[in-house]
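Colleague: Coordinates for the following, if possible.
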Amino acid sequence: MSVRIMIAEDEEIMRITVADHLRSEGWQVDEVSGGNEALALLQKQSYDIIVSDIRMPGMDGEKLLAAVKQQSPATEVIMMTAHGSTDHAVACLKQGAADYILKPFDLDDLSCRIQRIVRIQEIKARCVSLESNGGQRQPLLGSSTPMQQMLNLISQVSQTDSTVLIQGESGTGKELVAAAIHYESSRANKPYVRVNCAAIPAGLLESELFGHEKGAFTGADQASPGKFELADQGTILLDEIGDMPIELQVKLLRVLQEQEIERVGGKQPRRINVRVLCASAKNLAGLVKEGRFREDLYYRLQVIPIMVPPLRERKEDIPELSSYFLHKFGRERGLDFTLTGEAAAALDSYDYPGNVRELRNLLERITVLAPAPRIQLWDLPLELRGLSADRHEEVEINLAAAVASAEKRCILKALQTSGGNKTGAAEILGISRKNLWEKMKQYNL
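Modeller: Numbering: from 1, shown residues only. Okay, the predicted model is just below:
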């Protein structure tokens, strides 16, 4: 993890000594001699930690702390103080400082304090990401050419901080693409926050994104940070960006250009360092022509476009996806689910208008309702079984094949009606159980 630290100390020898030691620990360190310089540098560059002396000419450490907490809330501040000014240090802790250290101090002690803060920041980032994503990150699966091309593009994009617009049909996995970009980037240990713009009422979306100050509106009993502040130093995914109200699109454009946000009811802008990813199942170019999406924002978002292919264009990935989902659901239920050849062929034949999400939901339903871990053709929904039957009828070129096909479908229907009970199926068909067993063996059922 790359940690960036600023040293604010007016005493040159002290400043150089501390900075050199922290650089030897592998951290990126910048130095300034006063509070005003520190704030000017903070306008240009984000910092994880600022180590500041309390007594400095011009803007002292206490005023610098207040300004940092206003300008960059995610930045932690360690105060350096002489023995005689511990009261000031305690006051700084009450104002939001992460720690203080008494001069003269052991440099290794300072390193330990910084490492502790860094670990806390990492834990906070993971908590924000888990809260936003609702659990474990899911993998992107597929060996098809379209998927491999997209995965290669993700690897390239991850190494930059450019804005990415992810487009594709509903259920293709746009959220997984965004997560892959974040977790392969240098921001992987920082927060990853998702916002579904279509799921939040238009009147609340501004507060949700940018936060609000106390008293900004009825019910705002206390100040609250928005998603952009929670994602500071990390990544934010604006899902279904096409549903964002056009009046908010203007504010988002400013955030992208200026890297600063303003809370609802606030008077001062707040600097942020957030990578923005956007996703949409809608045709944004079409929305621009209709006047429902700002053209300048569209081109600002589409710095790097990624199109997620629908499942019907990468059907060779269906076996791998099916195996993954069956293993997942089987592990949850303590079973080992497998597909017969006919069931697998039927899954491969379907076009999945709902894409990977539809395949996942379909397999979850099947694993719940199937009478046995080995999933048969008759365990699948009727529309998939019909496709399989039609596909086989195309190759039937003589009477014997047609009769066999019809007999096989009758057996499948009887088994489905009896819930997989062979004795019941034999009674429905009007044949003996032994005869049914022989025909099932003949047709590999």
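Colleague: Enumerate every residue touching residue 69.
Modeller: Residues in contact with residue 69, defined by C-beta atoms under 8 Å, 6 or more residues apart in numbering, are 77, 95-96. Bear in mind the C-beta positions are built from the backbone N, C-alpha and C, glycine included.
Colleague: Derive a ChimeraX selection command for the buried subset of those.
Modeller: Filtering the contacts of residue 69 down to the buried ones (16 or more other C-beta atoms under 10 Å) takes a single ChimeraX command:
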select :77
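Colleague: how about the strands in the chain?
Modeller: Taking DSSP state E as the test, the strands found in the chain are 4-8, 28-32, 49-53, 76-81, 99-102, 164-167, 192-196, 235-239, 260-261, 270-271, 275-280, 304-307, 338-339, 374-375.
Colleague: in its sheet, what does the second one sit against?
Modeller: Okay, so that is strand 28-32. Strand 28-32 has the following strand partners under DSSP bridges: strand 4-8 (parallel).
Colleague: now the strand it pairs with and strand 49-53, what's the angle there?
Modeller: Angle between the axes of strand 4-8 and strand 49-53 is 10 degrees (criterion: axes from the mean of the first three to the mean of the last three C-alpha atoms, to 10 degrees).
Colleague: Quickly list the domain ranges of the chain.
Modeller: 4-130, 138-309, 311-373, 395-445 (automatic domain parsing).
Colleague: What's the end-to-end length of the second one?
Modeller: Criterion C-alpha to C-alpha, to the nearest Å; first-to-last residue distance in domain 138-309 is 17 Å.
Colleague: chain center to it: distance?
Modeller: In terms of C-alpha atoms, centre = their mean, to the nearest Å, the centre of domain 138-309 is set 11 Å apart from its chain centre.
Colleague: Ok, the shortest one next?
Modeller: Its chain's C-alpha centre lies 48 Å from the corresponding centre of domain 395-445 when counted by C-alpha atoms, centre = their mean.
Colleague: before we move on, the earlier item: which among the strands of the chain is found nearest to residue 217?
Modeller: Among the strands of the chain, strand 260-261 comes nearest to residue 217, with 17.1 Å by C-beta to C-beta.
Colleague: Who does that closest one pair with, and is each partner parallel or antiparallel?
Modeller: Note on strand 260-261: by DSSP bridges, its sheet partners are strand 270-271 (antiparallel).
Colleague: what about residue 332, how many residues close to it?
Modeller: When counting by other C-beta atoms under 10 Å, one arrives at 10 neighbours for residue 332.
Colleague: Identify the residues contacting it.
Modeller: So residue 332 contacts nothing (C-beta under 8 Å, 6+ apart).
Colleague: The same query, at a cut-off of 10 Å, please.
Modeller: 364, 367 (C-beta atoms under 10 Å, 6 or more residues apart in numbering).
Colleague: now residue 195
Modeller: Residues counted as contacts of residue 195 (C-beta under 10 Å, 6+ apart) are 132, 205, 208-209, 226-228, 231, 236-241, 244.
Colleague: want to throw the domains of the chain into CSV with distance to residue 380 and mean pLDDT?
Modeller: What follows is those, written out as CSV (distance: least, C-beta to C-beta, whole Å; pLDDT from 0 to 100):
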stretch, distance to residue 380, mean pLDDT
domain 4-130, 35, 87
domain 138-309, 19, 91
domain 311-373, 6, 93
domain 395-445, 10, 78
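Colleague: Show me the one of these that comes nearest residue 382.
Modeller: domain 395-445 (9.0 Å).
Colleague: Give me the most central residue, this protein.
Modeller: When C-alpha atoms, centre = their mean is applied to the chain, the residue found nearest the centroid is residue 179 (3.7 Å).
Colleague: Have a look at this structure and report its longest helix.
Modeller: Under DSSP state H, the helix in the chain containing the largest number of residues is helix 107-133.
Colleague: tell me the angle of it relative to strand 235-239?
Modeller: 10 degrees.
Colleague: ok so, going back, I'd like the distance between the residue nearest to the centre of the chain and residue 302.
Modeller: Residue 179 sits at a distance of 20 Å from residue 302 (criterion: C-beta to C-beta, to the nearest Å).
Colleague: before we move on, what about residue 406?
Modeller: From residue 406 over to residue 302 (counting by C-beta to C-beta), the distance is 54 Å.
Colleague: and what of residue 285?
Modeller: Residue 285 sits 9 Å away from residue 302, going by C-beta to C-beta.
Colleague: hey, what's in contact with both of those two?
Modeller: Shared contacts of residue 285 and residue 302 (C-beta under 10 Å, 6+ apart): residue 167.
Colleague: Residue 241: neighbour count?
Modeller: Other residues near residue 241 number 28, with proximity taken as other C-beta under 10 Å.
Colleague: For the closest residue in space to it that isn't next to it in sequence, give the beta-bridge partners.
Modeller: Of all residues not flanking residue 241 in the chain, residue 278 sits nearest, at 4.3 Å (C-beta to C-beta, 6 or more residues apart in numbering). Under DSSP bridges, the beta-bridge partners of residue 278 are residue 165, residue 238.
Colleague: In contact with residue 278, which residues?
Modeller: 163-167, 174, 178, 197, 236-242, 244, 252, 256, 284, 297-298, 300-302.
Colleague: go again using 7 Å as the cut-off
Modeller: Counting by C-beta atoms under 7 Å, 6 or more residues apart in numbering, residue 278 makes contact with 165-166, 238, 241, 301.
Colleague: Show me how to select, in PyMOL, the buried members of the contacts of residue 195.
Modeller: To isolate the buried ones among the contacts of residue 195 in PyMOL, judged by 16+ other C-beta under 10 Å, type:
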select buried, resi 132+205+208+209+226+227+228+231+236+237+238+239+240+241+244
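Colleague: follow-up on the earlier one: got a markdown table for the domains of the chain, with distance to residue 379 too?
Modeller: Putting those into a markdown table (distance: least, C-beta to C-beta, whole Å) gives the following:
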| stretch | distance to residue 379 |
| --- | --- |
| domain 4-130 | 35 |
| domain 138-309 | 22 |
| domain 311-373 | 4 |
| domain 395-445 | 8 |
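Colleague: Residue 381 is nearest to which of these?
Modeller: Closest to residue 381 of these, according to C-beta to C-beta: domain 311-373, at 7.1 Å.
Colleague: burial count for the closest residue to residue 242 other than its chain neighbours?
Modeller: Excluding its sequence neighbours, the residue lying closest to residue 242 (C-beta to C-beta, 6+ apart) is residue 282, at 3.7 Å. Residues near residue 282, counting by other C-beta under 10 Å, number 16.
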